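In: Next input, structure requested:
(chains A and B)
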Amino acid sequence: GDSVTQMEGPVTLSEEAFLTINCTYTATGYPSLFWYVQYPGEGLQLLLKATKADDKGSNKGFEATYRKETTSFHLEKGSVQVSDSAVYFCALSLRFSGGYNKLIFGAGTRLAVHP
Amino acid sequence: EAQVTQNPRYLITVTGKKLTVTCSQNMNHEYMSWYRQDPGLGLRQIYYSMNVEVTDKGDVPEGYKVSRKEKRNFPLILESPSPNQTSLYFCASSSVSGGNIQYFGAGTRLSVL
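Out: Numbers count the residues shown, from 1 in each chain, chains lettered A, B, ... in the order given. Coordinates of the predicted model:
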């Protein structure tokens, strides 16, 4: 079935370090791919998305490229800040009849950035 | 301000005592969903609704009910809560023309004793 696999956390980094969070997916068809972020005590919010192969999503210094050949959508940031500490979820979107798009989430990866 | 509002944010209850978690969105979105978040499992969909009076089961619907009598509201009902329903719950909404983006509420942390 359709699924998303993320690297396990927690990921602990010092400020200004380089971040990679791995995400791979299994899906029939051609899903859209997303990264959502959950800050402490808050709901999820969209960080970035990509809708087709080789698209690159970017936002707030984060980037991810939709790689169809490796079924991956790894999240990267060149220099993390303490304020980036959060849980990051990779997700894919499946289109249902009637136009509804269902999200399937990975387990989430907790990132802790220390000064 | 565009938002999805859930209430309550925190709830402690006992086994078997019926409860309702409310969800309201002010963006005129057609689609609404409920998820539960458990450690190591990510978010799993409980129920979703494609419009008023149109609801369907998600991946983990057992023990839950929903209704969609108005476009803006999508309450989650636990008729007889059990301890295995202790979890963090999120409501989300999205639109037909919204590019697959879902907007989430702040969450409801439920403990069933």
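
In: quick one: A:Pro12 and A:His114 touch, right?
Out: If you look again at residue A:12, you'll see it is Thr, not Pro. Yes - shown here, A:Thr12 and A:His114 form a contact pair, counting by CB atoms under 8 Å, at 7.0 Å. All C-beta spots, glycine's among them, are computed from the backbone N, C-alpha and C.

In: B:Gln6 contacts B:Thr20, doesn't it?
Out: No - applying CB under 8 Å as the test, B:Gln6 and B:Thr20 come out as separate, 11.3 Å apart.

In: Who has more neighbours out of the two?
Out: Comparing B:Gln6 with B:Thr20 by neighbour count (other CB atoms under 10 Å in any protein chain shown), the higher total belongs to B:Gln6, at 22 against 14.

In: can you pull up the bridge partners for that one?
Out: Judged by DSSP bridges, the bridge partners of B:Gln6 are B:Cys23.

In: for chain B, what's the longest strand?
Out: If each strand of chain B is counted by residues according to DSSP state E, the longest one is strand B:42-51.

In: Follow the chain on from that strand and name the next helix or strand.
Out: Where DSSP states H and E defines the elements, the next helix or strand beyond strand B:42-51 is strand B:54-57.

In: Could you export that next one as CSV, CA atoms only?
Out: As requested, C-alpha coordinates have been extracted for strand B:54-57 and formatted as CSV (Å, rounded to 0.1, in the frame of the first residue of the first chain):
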residue,chain,number,x,y,z
VAL,B,54,-20.9,13.6,3.0
THR,B,55,-18.6,11.7,5.4
ASP,B,56,-16.5,8.6,5.0
LYS,B,57,-14.2,6.4,7.1
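
In: Output the contacting helices and strands for it.
Out: Contacts defined by 3 or more CB pairs under 8 Å, 6 or more residues apart in numbering or on different chains; DSSP states H and E place strand B:54-57 against strand B:42-51.

In: Partner strands of the strand it packs on, with direction?
Out: Strand partners for strand B:42-51, identified by DSSP bridges, are recorded as strand B:31-38 (antiparallel), strand B:54-57 (antiparallel).

In: show me the contacts for the spatially most central residue of chain B.
Out: Centrality entry for chain B: nearest residue to the mean C-alpha point is B:Trp34, 3.0 Å, by CA atoms, centre = their mean. When contacts are counted by CB atoms under 8 Å, 6 or more residues apart in numbering or on different chains, B:Trp34 touches B:23, B:45-48, B:58, B:64, B:66, B:74, B:76, B:89-92.

In: try A:Thr5
Out: Shown here is A:Thr5, whose contacts under the criterion CB under 8 Å, 6+ apart are A:23-26, A:106.
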